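Undergrad: sequence and predicted structure are below.
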Amino acid sequence: MQNYDSIGVVGANSWGTTLAHLLGKHGHRVLLWAKEPEIVEDIHQNHRNAKFTYDFPLSEKIVPTQDLEQVARRCEVVIVSLSSQLFRPIVYQLGNFLHADQILISACQGLESGTHCLMHQIIQEETCIKKIGVLSGPNLFQEILKGSPSAGVIASRYHEVIHKNIHIFSSPDFKLYGSEDVPGVELSGIIKNVIAIAAGIADGLGFGSNTKALVVTRGISEMARIGVKFGAKPITFTGLAGIGDLIVTCSSKLSPNYRVGYYLAQSQSLSQILRELGTIAEGVSTVKVLHEFIVKMKLSLPILGGVYTVLYENRPIPEVVAELMNRMSQFEFDPTMYTELREA
Amino acid sequence: MKAEHKEAVISEVIRRITVEKIQNADKIPLETIIADTIYHERKRLENGKTTKKAMPAILYWKKMNKRLIHASEAEKQAMLQELSQNFVREIIGNFNPKVYQFATKALPILLNILLNAMSPRIFSSHFPHWPELSDRLLVQGEIQLLQQLAQLGTVILVPTHSSHMDSIVVGWALHRLGLPAFTYGAAISLFKNRLIGYFMGNLGAYRVDRQKTAVLYKEILKEYTTGMLEYGYHTLFFPGGTRSRSGAIETHLKLGLLGSGLRAYINNLIANNPKPNIFVVPCTISYQLVLEAEHLIQDELKSTGKSQYISEDDEFSQIRRILNFLAGILRLDSRLYVHFCPAMDLFGNLVNEQGMSFDHRGRPVDITRYLLVSQKIAPNIQRDMQYTRELGEEIQKSYLKNNVVMSTHLAAFVVHELLKKHNPEMDLYRLLRTGGKEETLAIHEVYEASERVLSKLKKLESSGQIRIDPHIRDASVDQIFDEALRHFRAYHTKEILVRQGDRLDPNDCNLLYYYHNRLLNYELEKEIEG
């Protein structure tokens, strides 16, 4: 049988590097896979990832590598933090070396274009792994690297996955809570990026806190309505991965998605914003995929729809805002949601 | 089950149950388990028809109750053993190996006689040639794979369930493939017909009494099936639980008995059983007409899920109805498909003819590693429950992909959906009761919608999402409806759909709805809109 001696992180972007650092700080040997040789070299030589986590000194327990096979052979738990576009091909490659006893965690917050697949579904399709988990929550990497107390959620159908991850991440400044609602936790992390764009627009237009509260709370409602279609439990959206993450991404200028919305409202073009951002804003591609899904399922989700028309149909923001405010008000809570909540 | 295995399985089941209960007595005292069993059994007996037959049983449970009040711990252990013994013996039934040997040989002959000689009048007037059962009952799918896997390990066959005919039909299909009779859990009500019960019991059916709700009974039932699988008996479960009352392909599978497979596999690996592998083979059974359709859909609509049990006095308990049904099948040139789907392991991975498992991308998987706990193979209740749940999801997907669309399904689907379209203001129950505002539908509208649905079905079939009966795949819609209408007037009490010139009259909306439901979950409804 295998002797696993490390924890694997696949993807040395800002979130992947932060997770590797957290684990290294807690004494675990971490194999951090990066596609780019210069990142491997930077971490190896300087213990930093200048491209994604700037000058922050990283744990010396992190061993950077470009060898996926090594990660699969030596790590019982492998955390994948990649963009949604890269997720399937890299997970497929990883699947060439993984065995049935291993645990694979998605820390990616995106939805696959065309298939509308969630990342945990891609893992099911591309590997033999059953013990799959999803990691999400209000986690701005800059604050975590600074050591500010933070928490996230690990969701899995398998309690073993939950307990193992709570254990390996447990530390004085970071903790994980468990959930069995895999699609709920994953979708929270995905949809909040789009709501963050809406919140950025509201702030960019100079609207105040009332508007922000409106966007956030109605955003939660839209998250729950779309989540139910994926089999999620509405109550999950009221937790750390839902409202918790939304509070952070909708109010912090550190959030790339928020910044996209903010600068759009300042009349900058999307292409210019994305060029200057220096990191990926998953919400931009997510809203396109979500829109396809919304149309297919005939859902009425005005905030998500509004962001889509601004980004991809070039509709003027004031026009979209006016349309949202002119919509006829309904009851705040859909009666079906009460039923769902009671059942949850 | 071989005679030498019978006693071994009984004593092993009792041993496992009692050891487990005694070991966990600090969490659940033996007294609680025994009291729960007494309570549920008394409740069942006292709520039923108190016939003279039930009186000794009622008295027995009263006596047990008194005994429990003053029982020492040793006495409680003896009581637990006694209860386990009673339950497991009742489940096993009166199996006689000699009758089993006779019955396995006699069954196909009996079935042929039953099918061919049930009505000399029908036979002589309609069949110039002796009709062959194999022309009607078409066995297809991964036959060679099933035959191979039955040699390599133990097979759990999990068919869709629409009719009590299913077990007979599958039994016949397995016999034709040269496989031994599979054991299966049959509702105790089926044993009430002495002749059917006698043969079923001796063909490997064990008794499942769904009215017995005591936890101990259910655990013994699961342990018994686990034991049988460990001894290598191929087994048949209907994971839908009961017959589909709505007519739809099962979407909510009951996983309790399916979980026995994984338990047996783990026990096999720990015990170094030389043939530890257990394979799961989903199977769809598609009828043009369903024997008990009238009764099932009535039950579905009457209580929409409230009724726990389907009345035992349905079509299957009436020999004349069975004979009429079978006569109908022969007279109408009717077909019935048993489709063996690709085999899986207990984790839902596909399996090849060497019994090796593969992931979705065709890479081999060492499935024993799913079961490691600290590098050793061991059970884990929560983990194993999830594995079984995921297996259930794969079985369900396989059912949908291997469902065979027949003329009656297509015709009923289109007509019911058009009725819905024409009567948007009506809820389902009103629509079924009244048949809608108009009495009939224009045949050209029905045919146009049918063309669209058939074309979508062909697209789905080409991407492996469903199967179409080859007899209708290239037939014209007119021919398909002609065949469906002949079936709809042949067997059921009322003619389901009647042609009146250039219009169609939905005469029995409940049954239309029942046959329509077979095509749910394929998003075909959009095609009706045009």
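TA: Cool, got the structure.
Undergrad: what sits against the residue nearest the centre of chain A?
TA: When chain A is reduced to its mean C-alpha position, the closest residue under C-alpha atoms, centre = their mean turns out to be A:Gln109, at 2.7 Å. Neighbouring residues of A:Gln109 by C-beta atoms under 8 Å, 6 or more residues apart in numbering or on different chains: A:136, A:186, A:189-190, A:193, A:282, A:286. The C-beta positions use only the backbone N, C-alpha and C, and glycine is treated the same way.
Undergrad: now render the residues you listed as JSON lines, adding neighbour count, pLDDT and distance to B:Leu301.
TA: Listed next are the contacts of A:Gln109 as JSON lines, based on neighbours: other C-beta atoms under 10 Å in any protein chain shown; pLDDT from 0 to 100; distance: C-beta to C-beta, whole Å:
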{"residue": "A:Ser136", "neighbour count": "28", "pLDDT": "96", "distance to B:Leu301": "43"}
{"residue": "A:Glu186", "neighbour count": "29", "pLDDT": "96", "distance to B:Leu301": "38"}
{"residue": "A:Gly189", "neighbour count": "28", "pLDDT": "92", "distance to B:Leu301": "43"}
{"residue": "A:Ile190", "neighbour count": "27", "pLDDT": "92", "distance to B:Leu301": "40"}
{"residue": "A:Asn193", "neighbour count": "28", "pLDDT": "92", "distance to B:Leu301": "46"}
{"residue": "A:Glu282", "neighbour count": "23", "pLDDT": "85", "distance to B:Leu301": "47"}
{"residue": "A:Thr286", "neighbour count": "25", "pLDDT": "91", "distance to B:Leu301": "43"}
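Undergrad: could you export these as a markdown table, including secondary structure and distance to chain B?
TA: As requested, the contacts of A:Gln109 are exported to a markdown table (DSSP: H, G, I helix; E, B strand; the rest coil; distance: C-beta to the nearest C-beta, whole Å):
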| residue | secondary structure | distance to chain B |
| --- | --- | --- |
| A:Ser136 | strand | 20 |
| A:Glu186 | helix | 17 |
| A:Gly189 | helix | 22 |
| A:Ile190 | helix | 22 |
| A:Asn193 | helix | 28 |
| A:Glu282 | helix | 25 |
| A:Thr286 | helix | 24 |
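Undergrad: A:Arg331 falls within a strand, correct?
TA: Careful, residue A:331 is Phe and not Arg. No - counting by DSSP: H, G, I helix; E, B strand; the rest coil, A:Phe331 falls outside a strand, being coil.
Undergrad: relative to chain B, how far out is it?
TA: From A:Phe331 over to chain B the distance is 22 Å, taken as C-beta to the nearest C-beta, to the nearest Å.
Undergrad: what about that residue, neighbour count?
TA: By other C-beta atoms under 10 Å in any protein chain shown, 6 other residues sit near A:Phe331.
Undergrad: ramachandran coordinates for it?
TA: Here is the backbone geometry of A:Phe331 (degrees, to the nearest 10): phi -60, psi 150.
Undergrad: OK, contacts around the residue of the stretch 401-530 of chain B found nearest chain A?
TA: Nearest residue of the stretch 401-530 of chain B to chain A, counting by C-beta to the nearest C-beta: B:Glu523, 9.8 Å away. By C-beta under 8 Å, 6+ apart, the contact set of B:Glu523 is empty.
Undergrad: now the helices: where do they sit in the stretch 251-400 of chain B?
TA: B:259-270, B:293-303, B:319-331, B:381-402 (DSSP state H, counting those that start in this stretch).
Undergrad: among those, which is nearest B:Val446?
TA: Among the helices of the stretch 251-400 of chain B, helix B:293-303 comes nearest to B:Val446, with 21.1 Å by C-beta to C-beta.
Undergrad: and the residue nearest to the centre of chain A, helix, strand or coil?
TA: Here A:Gln109 is recorded as coil under three-state DSSP.
Undergrad: distance check, it against A:Ser285.
TA: Using C-beta to C-beta, to the nearest Å, A:Gln109 is found at 11 Å from A:Ser285.
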